[in-house]
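[1] Below: sequence and its predicted model.
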Amino acid sequence: MPKLRAPFSAVLDAVREHTSMLLGTTIGYSADDWAEPTALAGWTRSHVAAHLADGARGMVRVIDSLRAGSPLHMYASAESRRRSMELGALGSGLELQIGLDTSASELQGKLAGLEDDDQQVELRSGYRLSASTIPLARLSEVVLHHMDLGWRLTDDDLAPGIARALLKFQVWRIGAHPDIPPTLLIADEGYEGEVGPDGPRETLRGPAADLTAWLARGVESDRLTRGA
């Protein structure tokens, strides 16, 4: 797991800020809006909200169990994760909004205690990181799922250090996936990372926010430039 290149307090502030931004988006949804599809195949906006609320509760469970000396995963199983999301997505718009808000608030109160905590935790099977990186993992979830709801991420939304840290996190998380074309990512903020399988790499340059959107969601941007 790569070390953060952004102050821990800045990551906490970014989690709070982007959660507030997401809640500002969803508060205006009507019942029909909640049923709209998202960028994730088979997921409505209700599914995204239920997943984010479950994710926050799962991280709280991980943090609490870590403090108790018996670390747990975020979810009991992949099946229980899916079932909980499907059931949560059946809630009303008000229930979804309250679930997003209350779960995020509870998690935010737990995150501050993770600074300098280098204990290794496994959020899900095969997803291991240091406890101090959980806030960055949450920020990534909030930002990417806000994009799935239709929000467009730009570098103006992220401080340079946070944008760089998010890109570095995604390179670590999914950069080795075989479906990603062999690419050298060069961020304007001063980070380089290789993604995709071994082989000749095309270079992709631009703002870290745009590179993150391309890597994690396949979103093209006119601010990205390609080269050999």
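    That came through, no problem.

[2] Which parts of the chain are helices?
    Assigned helices in the chain, in chain order: 8-26, 31-34, 45-67, 78-88, 93-111, 134-148, 160-174, 208-217 (criterion: DSSP state H).

[3] now for those, which one comes closest to residue 192?
    With CB to CB as the measure, helix 160-174 is the member of these nearest residue 192 (9.5 Å). (C-beta placed from N, C-alpha, C; glycine too.)

[4] What helices and strands are in contact with the helix-or-strand element of the chain with minimal mean pLDDT?
    The helix or strand with the lowest mean pLDDT-type score in the chain, counting by mean pLDDT, DSSP states H and E, is strand 120-124 (a mean of 85). For strand 120-124, the elements it packs on are helix 45-67, strand 127-130, helix 134-148, judged by 3 or more CB pairs under 8 Å, 6 or more residues apart in numbering; DSSP states H and E.

[5] what would those look like in TSV with mean pLDDT, mean neighbour count and distance to residue 171?
    Output for these, formatted as TSV (pLDDT from 0 to 100; neighbours: other CB atoms under 10 Å; distance: least, CB to CB, whole Å):
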stretch	mean pLDDT	mean neighbour count	distance to residue 171
helix 45-67	95	21	21
strand 127-130	88	15	14
helix 134-148	96	22	12
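
[6] of all the ones you listed, which lies closest to residue 156?
    Among the helices and strands packed on strand 120-124, helix 134-148 comes nearest to residue 156, with 13.4 Å by CB to CB.

[7] How about exporting the closest one as CSV, limited to the C-alpha atoms?
    Listed in CSV are the C-alpha atoms of helix 134-148, where the atom choice follows Å, rounded to 0.1, in the frame of the first residue of the first chain:
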residue,chain,number,x,y,z
ILE,A,134,-9.1,3.9,5.5
PRO,A,135,-10.0,7.6,5.2
LEU,A,136,-8.5,7.7,1.7
ALA,A,137,-10.4,4.5,0.8
ARG,A,138,-13.6,6.2,1.9
LEU,A,139,-12.8,9.4,0.0
SER,A,140,-12.3,7.3,-3.1
GLU,A,141,-15.6,5.6,-2.7
VAL,A,142,-17.5,8.8,-2.2
VAL,A,143,-15.8,10.6,-5.1
LEU,A,144,-16.2,7.7,-7.6
HIS,A,145,-19.8,6.9,-6.7
HIS,A,146,-20.7,10.6,-6.9
MET,A,147,-19.4,10.4,-10.4
ASP,A,148,-21.6,7.3,-11.0
